[in-house]
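Asks: sequence? don't have it. structure:
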Ligand code: 1CP
């Protein structure tokens, strides 16, 4: 208990303002680090990297050796969940993930969850190893994709599209879509509970494609499943803080925070800091939201923006982060500068 209470990242998530904002960065392990690229090459496929605890532990620890981050995030991917549900998932170098698209109800029924935890056992083993390996002040984050975002990959077969097929399900085959979301919600809860039992001290749920939904489907397929996830995790592990990342959902962030009951909301770069401070921070810790491209640029423009964000958000519970993941062309020394600048203020 004492060990947990002293971690600044967990304290901030629990609503306690920290003198220096705790910091970690989405995709802090990844292709911008030469040591990641070397381990990745050794692993063979990307999924092999996720499912080999020794290597997944190694790449999780790589950024912690370079930078004083307050949290480590499990190295894995949101798409191990569909993989563990028996869908074909492939990661093509330089192209991102490719899945065999779901066609209909029969495909949904085939996702029975048989062998689910067995397939994910290496992920739990990674968390157990990390819980022992990370520094005492560092918190361990587990994560999953939100049902809507995972559903888009299942239906479209890839990310970042116009989501025409997923929306055709929403608007034309809502019973099928609902069944899919319910199933993903159930397994996401199962998966996160197992991560917590393996040592995750906080969890983040990534709804990266929340940006694609208009108001009513956002309420039904982003807010509602997240309410269920929060409720069920809290029922078993009330002490574990939950971070939601409904990326680029605009003013709907207000209802997302109020209705899901998340402990923290991770903000994309489009959210005005002063608005977040007055409208979101009274209800939840906020995390974010430096533009990842400013981290690529570095120098004074980056430092000024760090100062501005901390001035606006640092008066309340706040975790410093990017508004989205680190991009591969980021110079590692800019990350070092970010952390130094934040701590030297
Ligand atoms: O070639 C490579 O090495 C693969 C690049 C890569 C990496 C490093 C992928 C493929 N996934 C990851 C790791 C990853 N993914 C983490 C690790 C922990 C860390 O942050 O250090 C996390 C949390 C994720 C989560 C993830 N995967 C999200 C949600 C966050 C976000 O970025 O919006 C999403 C949407 C994915 C899908 C995915 N996996 C990989 C890529 C390149 C993508 C996105 C591609 C797309 O636009 O669809």
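Replies: Sure, I can see it. What you are looking at is a predicted structure, and each value in this text was computed from that prediction instead of being measured. Numbering: from 1, shown residues only.
Asks: Please point out which parts of stretch 242-251 sit buried.
Replies: Neighbour-count burial for stretch 242-251 flags 242-249 (criterion: 16 or more other C-beta atoms under 10 Å). C-beta here means a position set from N, CA and C on the backbone, and glycine is covered the same way.
Asks: So which of these would count as near the ligand as well?
Replies: Among the buried residues of stretch 242-251, none lies close to the ligand by the criterion of C-beta under 6 Å from any ligand atom.
Asks: and those residues, which of them are in strands?
Replies: 242-246 (DSSP state E).
Asks: Between the residues you listed, which sits nearest the ligand?
Replies: residue 245 (7.2 Å; C-beta to the nearest ligand atom).
Asks: Pick out the most distant pair among the buried residues of stretch 242-251.
Replies: Within those, 242 and 248 form the most distant pair, 19.8 Å apart (C-beta to C-beta).
Asks: Quick one: name the residues of the protein near the ligand.
Replies: 26-31, 40, 46, 73, 75, 77-79, 91, 96-97, 143, 159-160, 206, 208, 325.
Asks: Keep only those of those that are in helices.
Replies: 40, 46 (DSSP state H).
Asks: Helices of the stretch 51-200 of the chain, residue ranges please.
Replies: Here the stretch 51-200 of the chain has its helices, by DSSP state H, counting those that start in this stretch, at 53-66, 80-84, 105-110, 116-133, 147-156, 164-172, 174-197.
Asks: most tightly surrounded among the ones you listed?
Replies: helix 147-156 (a mean of 26; mean count of other C-beta atoms under 10 Å).
Asks: and that helix, what other elements does it pack with?
Replies: helix 80-84, strand 96-99, helix 164-172, helix 174-197, strand 202-207 (3 or more C-beta pairs under 8 Å, 6 or more residues apart in numbering; DSSP states H and E).
Asks: go again using 6 Å as the cut-off
Replies: On a contact count with 3 or more C-beta pairs under 6 Å, 6 or more residues apart in numbering; DSSP states H and E, helix 147-156 meets helix 164-172, helix 174-197.
Asks: could you redo those helices as JSON lines and give each row mean pLDDT?
Replies: Below are those laid out as JSON lines (pLDDT from 0 to 100):
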{"stretch": "helix 164-172", "mean pLDDT": "97"}
{"stretch": "helix 174-197", "mean pLDDT": "98"}
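Asks: would you list those in CSV and tack on distance to residue 102?
Replies: Shown next, in CSV, are the helices and strands packed on helix 147-156 (distance: least, C-beta to C-beta, whole Å):
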stretch, distance to residue 102
helix 164-172, 9
helix 174-197, 7
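Asks: count of neighbours near the closest residue to the ligand within the chain?
Replies: With C-beta to the nearest ligand atom as the measure, residue 159 is the residue of the chain nearest to the ligand, at 1.9 Å. Counted with other C-beta atoms under 10 Å, residues neighbouring residue 159 total 17.
Asks: ok, the nearest residue to residue 140 once chain neighbours are set aside to residue 241 distance?
Replies: Spatially, and ignoring its direct neighbours in sequence, residue 140 is nearest to residue 201 (5.1 Å; C-beta to C-beta, 6 or more residues apart in numbering). Note on residue 201: its distance to residue 241, by C-beta to C-beta, to the nearest Å, is 8 Å.
Asks: now swap in residue 13 and tell me
Replies: 4 Å.
Asks: Pick out whichever of these two has more residues nearby.
Replies: Between residue 13 and residue 241, counted using other C-beta under 10 Å, the more crowded position is residue 13 (27 against 24).
Asks: which ones are touching the more buried one?
Replies: By C-beta atoms under 6 Å, 6 or more residues apart in numbering, residue 13 lies in contact with 202, 241, 263-264, 285.
Asks: With residue 154 instead?
Replies: Residues near residue 154 by C-beta under 6 Å, 6+ apart: 82, 102.
Asks: residues shared between the contacts of residue 13 and residue 241?
Replies: Common neighbours of residue 13 and residue 241, counting by C-beta under 6 Å, 6+ apart, are 202, 263.
Asks: Identify the bridge partners of residue 143.
Replies: Under DSSP bridges, the beta-bridge partners of residue 143 are residue 204.
Asks: ok, so what distance separates it from residue 192?
Replies: Residue 143 is 8 Å from residue 192, by C-beta to C-beta.
Asks: try residue 325
Replies: Going from residue 325 to residue 192 by C-beta to C-beta gives 20 Å.
Asks: Also residue 17?
Replies: Using C-beta to C-beta, residue 17 is found at 27 Å from residue 192.
Asks: Over to residue 342?
Replies: Note on residue 342: its distance to residue 192, by C-beta to C-beta, is 29 Å.
Asks: about what we covered before: with pLDDT added, can I get the contacts of residue 13 in JSON lines?
Replies: Formatted as JSON lines, the contacts of residue 13 follow (pLDDT from 0 to 100):
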{"residue": "202", "pLDDT": "98"}
{"residue": "241", "pLDDT": "98"}
{"residue": "263", "pLDDT": "98"}
{"residue": "264", "pLDDT": "98"}
{"residue": "285", "pLDDT": "98"}
